[in-house]
Every structure is written in C-alpha cells, then in structure tokens.
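> Predicted model and sequence follow; I will ask about them next.
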Amino acid sequence: MGENVALGIDVGTTRIKAEVVGLDASELHCESALTPWQQRADGTQADLDELADVAVAVATAAADWAQAAGHKVVSIGVTGMAETGALLDAHSRPLAPAFAWHHTLGDPVRGQEALGRQHFMLTTGRDCSISPSIIKLDMLRQRGHRFTPGQRWLNIPDYIAWRLCGVQAAEISTSSRTGLVDIAARTWWDEALEFLGAGRWLLPGELAPGGTLLGRTLPSLPASLQHANVGTGGHDHPVGALAAGDSLPGFLGLSLGTAEAQVRIITPDLTPEAIITVVKGGGTVDWHPLGDRWTVLGALPTGITLARLATLLGCETVADRMALSRAALDCPDPGPELHLDNVTFDGFDLRGITGGVSRPAVWRRAVEELVGDSSALMARMEAVLGPYAHAAAFGGWLNDPLVSQVRRAQLGPDAVMASVLEPGAVGAAMLAAWAAREIVSPPGWSQS
C-alpha cells in the first residue's frame, strides 16, 4: 500500500542527492549524481542550467522510484551549499556561472577597505574573506559587470527551488552567509549592497525561514514531480543537524561531509564583543533555518583533505579507502615527524615521509591531526559560548572506521553517532512536509 512521502534535494559540493523520505523521517530511497563543477582558469564553477538540470534529473529519478512503489510525493524541500549562487538577468537567464563557495579569485581586501573589516564582522557575523557571496559579486563587478534593477541573486538551494516551482525566495540561513545580511537587524545590509552598486531589488524580498511554503511544482516538470508543494530548506549543515539531532540552543552538531562544519545552536543574543571573538576564532554567526535562533558555524577542510590524501595513497574507490582505514585502526602512531602542513580548502603539504612509513600509518596520522584541528576549533568556540549540552555527529565520513572511532573519542560516550545516511536531504524533506502541513512538526525537533 502506497503512502504520501516527501522528497529532499541536497545540492552538495561533491554530489547532488535526492532522497524519498517517509513522513516519519524514514529514509526510503536515494538517487545522486556528481555536482557538475568545471575547473576553469577563473576558478571552480558550474553552469547554472546544467546544475539545475542535474538536480531535476536526480529528483525525477527518486520521484519515479516513489511512484513505482505506489507512493505519492506531496512535498519537496531543497538544501545545499551556501555562498554559491545564481545571478540572473531580468528574463531570469544566467549572467554568470555559479562560482564554488571555496572559489579563491575574489579580492576581500576591497571589501575590507570599503566596509571596514571589524564593521563587516560585527554586522554580518563573518570575516570579509573569500567565501561570502559579496566577494564573488564584487569580482564580477571588477570584471565590468554592472548591477541593474531587474537582475536577481538567488542562493543555490533557492535557485533550484525556483526552477521547481517558479517562485523566488531568500531563505534566511543561506542568505546569512552572503555577507549581505545585517544579522542583528535580521534584514539586508544596505551598505553592502551600495558597495556593489546595487539595491534591495537585487534580492527576492525579505528573509524567509526554512519551512516556508513557496508553491506547487511547475506543470512542465516530469509527471512524478507534479502537484507537490515546494518549501524552503536552508544551509545544508544546520538542516542536516535538524535531521540528526535537534534544534535546541546548547546543541553541537558535527557535519562531516566534504567540509567539516561544527554547528552550535544558540539564542540570538551574542554581545558585539562575543561576535567579534567568534569570528576571529574561525567561526561565523548565522540565522538558523528555523529563523528564531542563531547558528555558530566553524568550517574546516577535513573531508576534502582526506579525500585528496586517499587518492594520493592509491585509493581509487570507496572500498579501497575503507580497507585502508580498517588497516589503520591497529597501526602504531608513526610519530610527530609525519604530519600535514598548510591545510586549506585548496590543498595541503605532507611532511616527514620516510622509507619505513606505511600507507595505513599515513592515514592514521592524518585523521588524528585533522580531528585535533577540529577539537582546537571546538575549544575556541566553547571559550565564548560555554560548553555544549549535547552533541551528535553525522555525514558520510562517519562511515570510515577510523574516522568514526576518533570522533567517538573526541565527543565522548554520550554523543550520538547518527545513522541517518543523508541528513541534509532528510532535513530538507521534513521542513517541506512541515511547510505543507503534512506533519504537525518535524519528529523530535523543537520549534520553540
């Protein structure tokens, strides 16, 4: 007997996933495809039409499975990466590619000089570095682009939602990471828009919480996607934390994907001094998808570094990497001479390799070093926010035996090692089901 189900789409850095989710948050079926990045001279980017086509194709495959199983997709939510976005013209055609959130060719010094670095930190809750969307938009302006009324900027999850239902919105948690939001005022920052030579017309209205109903899917979509309600999702890390833990202040979630994200949920009342300290310590302060609390998020290149190292060590498949990790479980510590250096989202150095060092030893040393960096960031955030009350880890890297073992030691015996396979997609699906009133409230989540 079929049932009503939700569909969650997660536009991730590595893969785009679409998961069929029961209204009890059970994971029923997942489809995925590689995120279609292109490596160009002007940085990592994606063609917006191709990105949307892949997302719709993956969603269609998942919805087709649901239909074949006798289920009906009644709601669709979209989550994904932040900072990356879509710049559209007055006819909703792309004006530029989608630059990866870790794109490095922008010039943050221009923003720091024009807006003031500390003023930027205090207003937006983040440093004026390469990541925020404002730096990518300013890069386009430096290349000759001029923003004019009729043009529109959409965060990537909001762009995909628009391609599904034809309604444009600005979800609050992804918008918080653009560098264009005054977090204390909970609205767009006019001074930053003026720096770009733009106005609020560049953005699709006021900030909307995750779980806001946008409308029904377009009749031009494949039959299995039609007649579903589309809702806003939000930034993949806090949306995934919703699925794997809860949303109460005092919660710490470790999102272990391509990037490691430490997600602390807090009440929206940090002092200006505390905001500056958080940002200088490597964190950001954002509005949570639920729209009534803040997220302090710290990001580290843990997953992408381990993926690069696995390739360097000859692991061509996930099975190869799992075998290496199991061998590393009982491998002795090779000592501090072997270590990673200059670890960034762009790459790393590996030092101290000698003739007697084994591949499992290298893997073990790298995992322990990277988790040590994670613990150091956690301690800097605790110095400002106080200790967390409860914790959960989630994401694909928990499937790695050594990573799972070291993370358990890091968080302690009371932490939850969440078994949810695609937390971002599950969280987005349940937010959409909640928006469409298919469920009273997402199971296990606190809305107050």
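Good, I have the coordinates. Numbering: from 1, shown residues only.
> Next one: residue 238 relative to residue 413, how far apart?
For residue 238, the distance to residue 413 (C-beta to C-beta, to the nearest Å) stands at 25 Å. Backbone N, C-alpha and C define where each C-beta goes, glycine included.
> low-confidence ranges in the stretch 1-150 of the chain?
1 (pLDDT under 70).
> all helices of it, in order?
48-68, 108-115, 117-124, 133-142 (DSSP state H, counting those that start in this stretch).
> try the stretch 251-400 of the chain
272-280, 302-312, 318-329, 359-385.
> what would those look like in JSON lines with mean neighbour count, distance to residue 254 and mean pLDDT?
As requested, the helices of the stretch 251-400 of the chain are arranged in JSON lines below (neighbours: other C-beta atoms under 10 Å; distance: least, C-beta to C-beta, whole Å; pLDDT from 0 to 100):
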{"stretch": "helix 272-280", "mean neighbour count": "18", "distance to residue 254": "17", "mean pLDDT": "96"}
{"stretch": "helix 302-312", "mean neighbour count": "19", "distance to residue 254": "10", "mean pLDDT": "95"}
{"stretch": "helix 318-329", "mean neighbour count": "17", "distance to residue 254": "18", "mean pLDDT": "95"}
{"stretch": "helix 359-385", "mean neighbour count": "19", "distance to residue 254": "8", "mean pLDDT": "96"}
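> right, and those - which one's nearest residue 206?
helix 272-280 (22.3 Å; C-beta to C-beta).
> circling back: mind giving me CSV with the helices of the stretch 1-150 of the chain and columns for distance to residue 375 and mean neighbour count?
Listed next are the helices of the stretch 1-150 of the chain as CSV, based on distance: least, C-beta to C-beta, whole Å; neighbours: other C-beta atoms under 10 Å:
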stretch, distance to residue 375, mean neighbour count
helix 48-68, 35, 20
helix 108-115, 28, 16
helix 117-124, 24, 20
helix 133-142, 29, 21
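> nearest to residue 164, of the ones you listed?
Going by C-beta to C-beta, the one of the helices of the stretch 1-150 of the chain nearest residue 164 is helix 48-68, 7.4 Å.
> outside of that closest one, which residues touch it?
5, 7, 9, 11, 16-20, 28-33, 35-36, 72-73, 76, 78, 86, 94, 97-98, 156, 159-160, 163-164, 221-225 (C-beta atoms under 8 Å, 6 or more residues apart in numbering).
> switch the cut-off to 6 Å
With contacts defined as C-beta atoms under 6 Å, 6 or more residues apart in numbering, helix 48-68 is touched by 5, 9, 16, 18, 20, 29, 31, 33, 36, 73, 86, 94, 98, 160, 163, 222, 224-225.
> Buried ones among those?
5, 9, 16, 18, 20, 29, 31, 73, 86, 94, 98, 160, 163, 224-225 (16 or more other C-beta atoms under 10 Å).
> neighbouring contacts of stretch 77-94?
In contact with stretch 77-94 (C-beta under 6 Å, 6+ apart) are residues 8-11, 13, 48, 95-96, 98, 101, 131, 133, 150-157, 159-161, 174, 177, 231, 233-236, 239, 424, 428-429, 431-432.
> Could you check how far the nearest residue to residue 286 once chain neighbours are set aside is from residue 238?
Leaving aside its chain neighbours, residue 286 sits nearest to residue 176 (3.8 Å; criterion: C-beta to C-beta, 6 or more residues apart in numbering). Distance, residue 176 to residue 238, by C-beta to C-beta: 10 Å.
> Check residue 45 too.
25 Å.
> Over to residue 440?
Counting by C-beta to C-beta, the gap from residue 440 to residue 238 is 21 Å.
> Could you do residue 95 as well?
In terms of C-beta to C-beta, residue 95 sits 29 Å off from residue 238.
> With neighbour numbers in mind, choose between the two.
residue 238 (29 against 16; other C-beta atoms under 10 Å).
> by contact count, what packs against the strand or helix carrying residue 243?
In this assignment (DSSP states H and E), residue 243 forms part of helix 236-244. Where contact means 3 or more C-beta pairs under 6 Å, 6 or more residues apart in numbering; DSSP states H and E, helix 236-244 is packed against strand 72-80, strand 251-256, strand 260-266, strand 390-394, helix 423-435.
> Report the rounded mean pLDDT for that helix.
Mean per-residue pLDDT for helix 236-244: 91.
> contacts for that helix?
10, 79-80, 173, 233, 253, 255, 261, 263, 288-289, 295, 392, 394, 418, 420, 423-424, 426-428, 445.
> buried subset of these?
By 16+ other C-beta under 10 Å, the contacts of helix 236-244 give 10, 79-80, 173, 233, 253, 255, 261, 263, 288-289, 295, 392, 394, 418, 420, 423-424, 426-428, 445 as buried.
> what's around residue 11, how many residues?
Quick note: residue 11 (other C-beta under 10 Å) scores 30 neighbours.
> Please name the residues that touch it.
Applying C-beta under 6 Å, 6+ apart, the residues contacting residue 11 are 80, 156, 160.
> closest to residue 327 among these?
Once C-beta to C-beta is applied, the member of those that ends up nearest residue 327 is residue 80, at 34.4 Å.
> and the closest one, bridged to which residues?
residue 11, residue 235 (DSSP bridges).
> and if you look at residue 285?
Under the criterion used (DSSP bridges), residue 285 bridges to residue 296.
> Does it touch residue 127 like I think?
No: the pair residue 285 / residue 127 is not scored as a contact, 11.1 Å apart, by C-beta atoms under 6 Å.
> The two: which is more packed in?
Neighbours per residue (other C-beta under 10 Å) separate residue 285 from residue 127, with residue 285 holding more: 25 against 20.
> Now do the same contact list for the more buried one.
Applying C-beta under 6 Å, 6+ apart, one finds that residue 285 lies in contact with 125, 275, 278, 294, 296.
> Put together TSV for those residues, with distance to residue 319 on each row.
Shown next, in TSV, are the contacts of residue 285 (distance: C-beta to C-beta, whole Å):
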residue	distance to residue 319
125	41
275	45
278	40
294	40
296	37
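> which of the contacts of residue 11 lies closest to residue 181?
Nearest member of those to residue 181, counting by C-beta to C-beta, is residue 156, at 16.2 Å.
> any idea of the pLDDT on the closest one?
For residue 156, the predicted pLDDT is 98.
> Against residue 195, how distant is it?
For residue 156 relative to residue 195 (C-beta to C-beta), the value is 22 Å.
> Likewise for residue 104?
20 Å.
> Which one's more surrounded, those two?
residue 195 (20 against 15).
> give the contact list for the more buried one.
Counted by C-beta under 6 Å, 6+ apart, residue 195 has contacts 114-115.
> Can you read off the backbone torsions of it?
phi -60, psi -30 (degrees, to the nearest 10).
> Let me see the contact set for residue 346.
Contacts of residue 346 by C-beta under 6 Å, 6+ apart: none found.
> Check the spacing between it and residue 308 real quick.
Distance from residue 346 to residue 308, by C-beta to C-beta: 10 Å.
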